[in-house]
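Novice: pasting a predicted model and its sequence here:
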Amino acid sequence: MSVDTLITNIGQLLTMDKKGPVKGSAMNELPVLENQAIGIKDGKIEWIGASKDAGDLKAEKKIDAGGKLVTPGLVEAHTHLVFGGSREEEMALKQQGIPYLEILKRGGGILATVNATRKASFEELLKKALFHLDRMAMHGITTVEAKSGYGLDKETELKQLRIAKAAGEQHPLDLVSTFLGAHAIPPEYKQDPEAFLDQMSELFEAIKAENLAAFVDIFTETGVFSVEQSRRYLQKAKDKGFGVKIHADEIDPLGGTELAVEMGAISGDHLAVASDAGIKALAASDTVGVILPGTSFYLGKDMYSRARGMVDAGAAVAISTDFNPGSSVTENLQLIMSIAALKLKLSPAEIWHAVTVNAAHAIGKGDVAGSIARGRKADVVIWDAANYMYIPYHYGVNHAKTVIKNGVVLYERQMIR
């Protein structure tokens, strides 16, 4: 047998080759293969076996993993990739105890990002999105979900989605787009949020016609959109053939988690204050709870999602950065893995499920991303670590040594000496 690339001397191999989403106690069951090799041909996994059996394979290129950990490429299930500007000046204001609503009145907060996104050109926003995708790739991410939501008008929301599509065409990483026009209520619609939702739903036809998004999302929260408003809006999206997601129960337990299950949403995201009833409903469904501990960490909150309780109840959980300019400014999913261990009390095995197979299912890519199996895309990361427990343990740095996407090396860290 001949292959294009042969990775040998793999110390630990996590294939994550499970039918998902993986739920409850099964998330803590992590088969670990040792002393393995992987053969890649035409951008896909061609062969997996013991290193001692790889001698008969002919390969154009050989990569020695050096006895290190090898896993599927990480899957980033919740980002706000396309946005203009940045908001670093708000950090000092928050540290002074200035409330978010006051920052908003001063022209900051989400409206600052909305204004910057509206003003920025297509080319400027595309260049910025590609920069962030490069950063994600360097940290071992090979598949990314990208939301709109910083336009809050028809023109800019479509611009964001078109930029995400262009980025997916120009960048090696796989992108999945989500329409989040219902991310906030712009000031001109504060007295009539229903009219704003009508405006956003009028975009469904154009989005579908241009294949700009696979999913429609909404922020169900006090001061934004109610459960009933969200239900009507998401039903319209489903009627147009979109999958649905929900920003749910981030601040107040309104029942967004229950709504996500009721609507058959592929994921319910945030879930920081999900109720007992919501967690029970989540566990009885195939809706993936996408937990975003970086947001709680960055905003200095003491309360984190009850991910431990969700897994114990039998739910499928994924974790993500929630990369955005206001509440979680990082492309480093490895850091979020450490926060998940420290603050969510998830085990290393559960965390690896949460950033691979379950994250892939949370964005409708469970059949192509998040695992290493024959015939799958060769999205593979060689880590500068001997075992899978080391990545969440050693926090705040980049452990990715070699990142391979569709069989091509995207990133190879060079040592100083």
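Specialist: Structure received.
Novice: what about P31, which helix or strand?
Specialist: Applying DSSP states H and E as the criterion places P31 outside every helix and strand.
Novice: grab the nearest non-local neighbour of it.
Specialist: Spatial nearest neighbour of P31, chain neighbours left out: T15 (7.4 Å); criterion: CB to CB, 6 or more residues apart in numbering. Backbone N, C-alpha and C define where each C-beta goes, glycine included.
Novice: got any ranges where the stretch 51-200 of the chain has weak pLDDT?
Specialist: Within the stretch 51-200 of the chain, the set of residues satisfying pLDDT under 70 comprises 101.
Novice: ok, now with 80
Specialist: 100-101, 104-105, 107 (pLDDT under 80).
Novice: show me where it has its strands.
Specialist: With DSSP state E, counting those that start in this stretch as the definition, the stretch 51-200 of the chain shows strands at residue ranges 58-64, 69-72, 74-76, 141-147, 174-182.
Novice: now these as JSON lines including mean neighbour count and distance to P253?
Specialist: Written out in JSON lines, the entries for those read as follows (neighbours: other CB atoms under 10 Å; distance: least, CB to CB, whole Å):
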{"stretch": "strand 58-64", "mean neighbour count": "14", "distance to P253": "49"}
{"stretch": "strand 69-72", "mean neighbour count": "26", "distance to P253": "34"}
{"stretch": "strand 74-76", "mean neighbour count": "32", "distance to P253": "26"}
{"stretch": "strand 141-147", "mean neighbour count": "29", "distance to P253": "23"}
{"stretch": "strand 174-182", "mean neighbour count": "26", "distance to P253": "20"}
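Novice: so which of these is nearest V311?
Specialist: strand 74-76 (17.9 Å; CB to CB).
Novice: list of residues touching the closest one?
Specialist: Around strand 74-76, the neighbours that count as contacts under CB atoms under 8 Å, 6 or more residues apart in numbering are 136, 139-145, 318, 320-321, 323, 333, 355-356, 359-360, 363, 365, 369-370, 381.
Novice: distance from that strand to the middle of the chain?
Specialist: Taking CA atoms, centre = their mean, to the nearest Å, one finds strand 74-76 lying 6 Å from the centre of the chain it belongs to.
Novice: that strand pairs with which strands?
Specialist: Under the criterion DSSP bridges, strand 74-76 sits next to strand 141-147 (parallel) in its sheet.
Novice: would you put the C-alpha positions of the strand it pairs with in CSV?
Specialist: Output for strand 141-147, consisting of C-alpha atoms alone and laid out as CSV, is shown next (Å, rounded to 0.1, in the frame of the first residue of the first chain):
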residue,chain,number,x,y,z
ILE,A,141,-8.5,24.0,15.4
THR,A,142,-9.5,22.7,11.9
THR,A,143,-13.2,23.3,11.8
VAL,A,144,-14.9,26.6,12.9
GLU,A,145,-18.5,27.8,13.3
ALA,A,146,-18.9,31.5,12.5
LYS,A,147,-21.9,33.7,13.5
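Novice: any idea how far the helix or strand hosting F297 is from the chain center?
Specialist: Using DSSP H and E, F297 sits within helix 293-298. Taking the mean of its C-alpha atoms, helix 293-298 sits 14 Å from the chain's own mean (CA atoms, centre = their mean).
Novice: other SSEs contacting it?
Specialist: In this structure, helix 293-298 makes packing contacts with helix 333-343, judged by 3 or more CB pairs under 8 Å, 6 or more residues apart in numbering; DSSP states H and E.
Novice: what's the average pLDDT for the helix or strand following the helix it packs on?
Specialist: Once helix 333-343 ends, the next helix or strand along the chain (criterion: DSSP H and E) is helix 348-355. pLDDT averaged over helix 348-355 equals 98, rounded to a whole number.
Novice: related to what we said a few turns ago, buried ones among the contacts of strand 74-76?
Specialist: Buried residues within the contacts of strand 74-76, defined by neighbour count using 16 or more other CB atoms under 10 Å: 136, 139-145, 318, 320-321, 323, 333, 355-356, 359-360, 363, 365, 369-370, 381.
Novice: returning to that earlier point: how about JSON lines for the strands of the stretch 51-200 of the chain, with distance to G109 added?
Specialist: As requested, those are arranged in JSON lines below (distance: least, CB to CB, whole Å):
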{"stretch": "strand 58-64", "distance to G109": "46"}
{"stretch": "strand 69-72", "distance to G109": "37"}
{"stretch": "strand 74-76", "distance to G109": "24"}
{"stretch": "strand 141-147", "distance to G109": "17"}
{"stretch": "strand 174-182", "distance to G109": "16"}
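Novice: touching, K365 and D174? I think so.
Specialist: Yes: in this structure, K365 sits in contact with D174. The criterion is CB atoms under 8 Å, and the distance is 7.2 Å.
Novice: joint contacts of the two?
Specialist: Common neighbours of K365 and D174, counting by CB under 8 Å, 6+ apart, are T143.
Novice: do I have it right that P186 meets V114?
Specialist: Yes: with contacts defined as CB under 8 Å, P186 counts as touching V114 at a distance of 7.4 Å.
Novice: so L175 versus Q12, what's the distance?
Specialist: L175 sits 29 Å away from Q12, taking CB to CB, to the nearest Å as the criterion.
Novice: now L254, nearest residue through space, not along the chain?
Specialist: Closest residue to L254 apart from its sequence neighbours, by CB to CB, 6+ apart: V227 at 5.6 Å.
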